[in-house]
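> structure for the following, please:
(4 chains)
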Protein chains: 2
Amino acid sequence: MSKMRISSFLKIKQDIMGKIKSRHWLPGDTIPGEEALAVEYGCSRMTVNRAVRELAESGIVERRRKAGTRIALQPDRSAKLQIPVVRKEIERRGAVYRYALLERVEMVPPDGIRAKLSLGPKTKVLHIRCLHFADETPYQYEDRWINLERVPTCVDEKFEKISPNEWLLEREPFSEAEHGFSAQLADAEIASILNIKKGDALFVVERRTWQDDDTITAVQLSYPGASYKMLSRS
Amino acid sequence: MSKMRISSFLKIKQDIMGKIKSRHWLPGDTIPGEEALAVEYGCSRMTVNRAVRELAESGIVERRRKAGTRIALQPDRSAKLQIPVVRKEIERRGAVYRYALLERVEMVPPDGIRAKLSLGPKTKVLHIRCLHFADETPYQYEDRWINLERVPTCVDEKFEKISPNEWLLEREPFSEAEHGFSAQLADAEIASILNIKKGDALFVVERRTWQDDDTITAVQLSYPGASYKMLSRS
DNA sequence: GAGTGGTCTAGACCACCTG
DNA sequence: AGGTGGTCTAGACCACTCA
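Numbers count the residues shown, from 1 in each chain, chains lettered A, B, ... in the order given. So this is what the prediction gives:
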C-alpha cells in the first residue's frame, strides 16, 4: 500500500476508480472501510468520506452501514439531460425567437388528460396550444394543460406575450418532473402547424410536473424530427 | 432571523429553497456568506458549506470566491436519464431477450465515421450490426463502430453470443459518453430489419464514448418509435 | 451487540477573484 | 489587498443493519 501524502478527495476518487479499472477490485467486492482508507491515504476520515460518498452518488459503489462499501455490479449508463427554456435554446443558435399563441381555453379536461394530471372529476384546467419559431421557421409545437386548482393565478395571464413555459418556470421553482421521449409521425394537423409534410418524423417530449404531490402541468412538445437533436454529455 | 437549533445540511438546504420559493430571495440576489449563515443556523461552517455546495451542484445557486453566492437566474431543467443495458431493459418488461449478430467486419472506415471517431487516416475499426429481440419481436437495431487501436482485444471476440454493448461495458468502465436523440423515418433496409413499414417513425439514439481523450466507440441505436418511450424522473 | 457509514464540530490554511 | 468559498483535520456521537 503506497501512502499518499497529498490528500485530496479528488485524488482518492481517481485512485479508487483506477483500482476498479485495473481489475484490482472487481464488481461485487467489498473495499476497505473509511477508517482503513484514511490510514492508507494518510488523511482524515472526512476526506475519504467525501470521496467515497461521491462515488456512491454516481452509482459506482454501493454503501450500507455495517455491510460496508461494494463495487457496483452493473452500473447503468446515465446521462444528464439539460432541457433548456425554448427561447434560450433558439437564441443560443443565433436565431431570432418568436412566440405565437394558437389557443387558450379554460375547460374541464377530457378523461385522458384528467388521468394524466391525477385530477378530481370536475377540476378545471387551462389548455394552451402555442408555437415557438426560430428565424420565423416553426421550431417547437407546445400543447399544454395546467391544473387551475394548483395554479389559479394563470387565469389572469393571457399568454400572448410570454409562453407558459417561461411563466411557469418563474413561479413554480423546484418542481419535480417526469420526461418521456418518443418518435411519432406528423398527422395532418401538426404537419400544417409545423409547416412540414404529413408523415414526417416528429421528436416528441412529454413532461409532467409536480410539486408536493400535486400535478401542476402536463405538456407535449413536438419538434420536426430531422432538424432536432437533443444532446447530453455525461 | 430565527436560529435553528437542530442543524442539518438538509434542513438548511430546504430553508434556503423555501426563501427562494417565497420570493424572500430573488434570482440574482446575493445571499449571506457561509460564516454568516453558520451563525444564523447555529452550526459550523462545514455544515453550511455542504448545504450550499449541493445547491450549487444542482444549479440552484451560483458561487464564486470573493463574489459570494447568488440565486441562479434561470436554472435549466435537467433530467437524469438512465440508459440501461438493452438486455436488462427487455427482461424488466418480462419479455424474453434474444440477440442476433447481423454483420461483423474489420475495415478502414468511411470518412464520416472516421471523423466521428476522431481517428487517423488508416486506423482500422470493427463495424458491427446486430439486433435485439423482445419475445422474438425486433426491439432495437444496433449499428456500431469500435476503434481497434483503442480496443484491440475485440478482434478475438466473435460477438455471436454476447452483444458488443455488454462486452464493452464490462471492459471499459468510467468512459465518458455523449448522447444524441432524434426522430427519423425508417428507410427500406431498416424497415425490413425491424419488421416495420418503410416510413414508420424511428426513435434514434446516437452515442459516442471516450476515455482519456480516445474515442472508443460510436453507436446508433434505432427503436420502432411508436413502441418506445424513454423515461426519466428528475 | 458491534462495526460500519452519516453527520457534525471548531478550528485551520489556501486559492481565487473582485473591488 | 482582502473577503469569499474550497478544502482539510482530528476528533465526536449517532443510526443503521448485519450477524
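> SS state for the residue positioned nearest the centre of chain A?
Note on chain A: the residue nearest the mean C-alpha position is A:Leu81, at 5.6 Å, using C-alpha atoms, centre = their mean. With DSSP: H, G, I helix; E, B strand; the rest coil as the basis, A:Leu81 sits in strand.
> for chain A, what are the low-confidence residue spans?
Low-confidence segments of chain A, defined by pLDDT under 70: A:1-7, A:226-234.
> what does chain A put close to DNA strand C?
Contacts of chain A with DNA strand C, taken as C-beta under 7 Å from any atom of the strand, map to A:33-35, A:45-46, A:49, A:52-53, A:56, A:63-69. Using the backbone N, CA and C atoms, a C-beta is placed for each residue, glycine as well.
> weed out the non-buried ones from those.
A:Glu34, A:Val52, A:Ala56, A:Thr69 (16 or more other C-beta atoms under 10 Å in any protein chain shown).
> okay if I get those as JSON lines plus secondary structure?
Shown next, in JSON lines, are these (three-state DSSP):
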{"residue": "A:Glu34", "secondary structure": "helix"}
{"residue": "A:Val52", "secondary structure": "helix"}
{"residue": "A:Ala56", "secondary structure": "helix"}
{"residue": "A:Thr69", "secondary structure": "strand"}
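> quick check: the farthest pair among these?
A:Glu34 and A:Ala56 (11.8 Å; C-beta to C-beta).
> near DNA strand D too, which of the buried ones among the residues of chain A next to DNA strand C?
Within those, nothing lies near DNA strand D by C-beta under 7 Å from any atom of the strand.
> so A:Glu166 sits against A:Glu89, correct?
No. The pair A:Glu166 / A:Glu89 is not scored as a contact, 11.9 Å apart, by C-beta atoms under 8 Å.
> tell me the contacts of A:Ser222?
By C-beta atoms under 8 Å, 6 or more residues apart in numbering or on different chains, the contact set of A:Ser222 is A:Gln140, A:Tyr141, A:Asp143, A:Gln184, A:Ala186, A:Ile190, A:Leu194, A:Leu202, A:Phe203, A:Val204.
> of these, which is the nearest to B:Thr217?
Of all the contacts of A:Ser222, A:Phe203 has the smallest distance to B:Thr217: 24.0 Å, by C-beta to C-beta.
> which ones among the contacts of A:Ser222 map onto helices?
The helices, defined by DSSP state H, take in A:Ile190, A:Leu194 from the contacts of A:Ser222.
> just among the contacts of A:Ser222, which is most surrounded?
Most neighbours among the contacts of A:Ser222, by other C-beta atoms under 10 Å in any protein chain shown: A:Phe203, with 27 neighbours.
> wouldn't that one be in contact with B:Phe181 here?
Yes. Assessed by C-beta under 8 Å, A:Phe203 is found in contact with B:Phe181 at 7.1 Å.
> show residues contacting stretch A:70-79.
Defining contact as C-beta under 8 Å, 6+ apart, one finds that stretch A:70-79 is touched by A:20, A:25-31, A:59-63, A:232-234, B:80-85, B:88, B:169, B:173, B:177, B:179.
> in that stretch, which residues are buried?
A:Arg70, A:Ile71, A:Ala72, A:Pro75, A:Arg77, A:Ser78, A:Ala79.
> and stretch A:84-93, by the same measure?
For stretch A:84-93, a neighbour-count test (16+ other C-beta under 10 Å) marks A:Val85, A:Val86, A:Arg87, A:Glu89, A:Ile90 as buried.
> which is the succeeding secondary structure element to the helix or strand containing the fourth one?
If I follow you right, that is A:Glu89. Secondary structure from DSSP states H and E places A:Glu89 in helix A:86-92. Remark: after helix A:86-92, the chain's next helix or strand is strand A:97-107, criterion DSSP H and E.
> show me which residues of chain A sit near DNA strand D.
Within chain A, the positions adjacent to DNA strand D are A:7-10, A:42-47, A:50, A:64-67 by C-beta under 7 Å from any atom of the strand.
> just the ones of the residues you listed in strands?
Under the assignment DSSP state E, those contribute A:Arg64 to strands.
> show me the residues of chain A next to DNA strand D that map onto helices.
Filtering the residues of chain A next to DNA strand D for helices - DSSP H - leaves A:Phe9, A:Leu10, A:Arg45, A:Met46, A:Thr47, A:Arg50.
> what about the strands in chain A?
Ranges of strands in chain A, per DSSP E, are A:30-31, A:61-64, A:68-71, A:77-83, A:97-107, A:125-134, A:137-147, A:176-185, A:201-211, A:214-224, A:230-233.
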